[in-house]
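Visitor: Quick one, fold the following:
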Amino acid sequence: MARRLPPLISLRAFEAAARHGSFVKAGAELALTPAAISHHVKLLEAHLQVALFTRLARGLRLTEAGRACLPGLSSGFDSLEQAVTGIRAERLAGPLVISVLPSFAAGWLIERLPRFRARHPEIDLHVRAEIAIIDLDREDVDLAVRYGTGRFPGLRATELLREEAFPVCAPTLVGGLRLPRRFAELRRHTLLHASGARRNEPWINWGPWLREAGLADIDLARGLHFTDSAILYQAAMAGQGIAIGRSVLIGSHVAAGRLVKPLGTPRLVAHAYYAVTRARTTPKVDACVRWLLEEAAL
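Guide: Okay, the predicted model is just below:
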């Protein structure tokens, strides 16, 4: 038997206006103008041949007919929402494998994962922390976060985060050394080096910074060298020397005061972090990319 129902938009307009007691607030909820909400309510009243609201100078008042039908409509829309949410959750449910750089996992992703779990409890996230370049077409990985120029042939790359680089250290240094306020003062400090930095990432190496400051005489072989940036920043927070920090990886440490920027010379770097996926994605992958973008915008 065919259902003889008024237009769904008219029912939604009335239900929202009745809950809020306002065409303006109902319009904001449904992304319609107050005039459009009023129009749809009038259409519904004409369809039912009964007044649902008494229009007042300051707001709305439900008529007896309006009060009578509101609970059933609200319950019906709640059921519709649950049904749609169930379908969406079923499409998203299950494992999602994401490959990220270890430094990105430790410095940015991990602290944000509780918010992902709250948003998508139906997704079981598998985080692969790895430096190796992976082939999304051949490996069991749904999404990768990679650092580079954004050129990933045959794949879809969505820019997430740009970053700055700057010298950082702990507020208090081992041996009671004063924090450097000029680059020339780096001669008496231990430099912490990222030995895994690539040639196309000069902002991570001390060499270009020192040459620009006229300090080419400092021996870059001296100091402490780390292949893992997470350990590098742990050494910096322990007061063992001066490192070159990357804002994405150490932003929380700077905000908490565990690291400070003694020389105040940030520079925007050429590379950025990208969410990299296959050209054809799934709803689950799209949901994760949307979440990453939202987190990056905070």
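Visitor: Same question for stretch 126-140: list its buried residues.
Guide: Applying a neighbour-count criterion of 16 or more other CB atoms under 10 Å, the buried positions in stretch 126-140 are 128-129, 136. C-betas here are computed from N, CA, C, even on glycine.
Visitor: any chance of the residues you listed in CSV, plus pLDDT and secondary structure?
Guide: CSV is the format used below for the buried residues of stretch 126-140 (pLDDT from 0 to 100; DSSP: H, G, I helix; E, B strand; the rest coil):
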residue, pLDDT, secondary structure
R128, 94, strand
A129, 92, strand
L136, 82, coil
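Visitor: correct me, but L43 touches L11?
Guide: No - the pair L43 and L11 does not pass the contact test of CB atoms under 8 Å, sitting 10.2 Å apart.
Visitor: beta partners of R278?
Guide: Using DSSP bridges, the bridge partners assigned to R278 are L155.
Visitor: and it, what does it touch?
Guide: By CB atoms under 8 Å, 6 or more residues apart in numbering, the contact list for R278 reads 136-137, 155-156.
Visitor: Using JSON lines, lay out the buried residues of stretch 126-140 together with distance to V174.
Guide: Putting the buried residues of stretch 126-140 into JSON lines (distance: CB to CB, whole Å) gives the following:
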{"residue": "R128", "distance to V174": "35"}
{"residue": "A129", "distance to V174": "29"}
{"residue": "L136", "distance to V174": "44"}
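Visitor: of all these, which comes closest to A28?
Guide: Taking CB to CB as the measure, L136 is the one of the buried residues of stretch 126-140 closest to A28, at 40.7 Å.
Visitor: Can you tell me the closest non-neighbouring residue to the closest one?
Guide: Once flanking residues are discounted, L136 sits nearest to R278: 5.4 Å by CB to CB, 6 or more residues apart in numbering.
Visitor: Out of the contacts of R278, the closest to R4 would be?
Guide: R156 (45.7 Å).
Visitor: Tell me how many other residues crowd that closest one.
Guide: Neighbouring residues of R156 were enumerated by other CB atoms under 10 Å; the total is 17.
Visitor: now swap in E81 and tell me
Guide: Residues lying near E81 (other CB under 10 Å) number 10.
Visitor: now H271
Guide: With other CB under 10 Å as criterion, H271 counts 18.
Visitor: can you tell me how far it sits from V141?
Guide: Using CB to CB, to the nearest Å, one obtains 21 Å as the distance from H271 to V141.
Visitor: same thing with R178?
Guide: According to CB to CB, R178 stands 47 Å off from V141.
Visitor: between those two, who's got more neighbours?
Guide: Between R178 and V141, counting by other CB under 10 Å, V141 is the more crowded of the two (20 against 10).
Visitor: which phi and psi does the more buried one have?
Guide: For V141, the backbone dihedrals (degrees, to the nearest 10) come out as phi -130, psi 130.
Visitor: Assess the claim that it and L96 are in contact.
Guide: No - proximity of V141 to L96 does not meet the contact threshold set by CB under 8 Å, at 9.7 Å.
Visitor: just the helices in the stretch 101-250 of the chain please.
Guide: Along the stretch 101-250 of the chain, the stretches classed as helices by DSSP state H, counting those that start in this stretch are 102-104, 113-119, 206-212, 229-237, 247-255.
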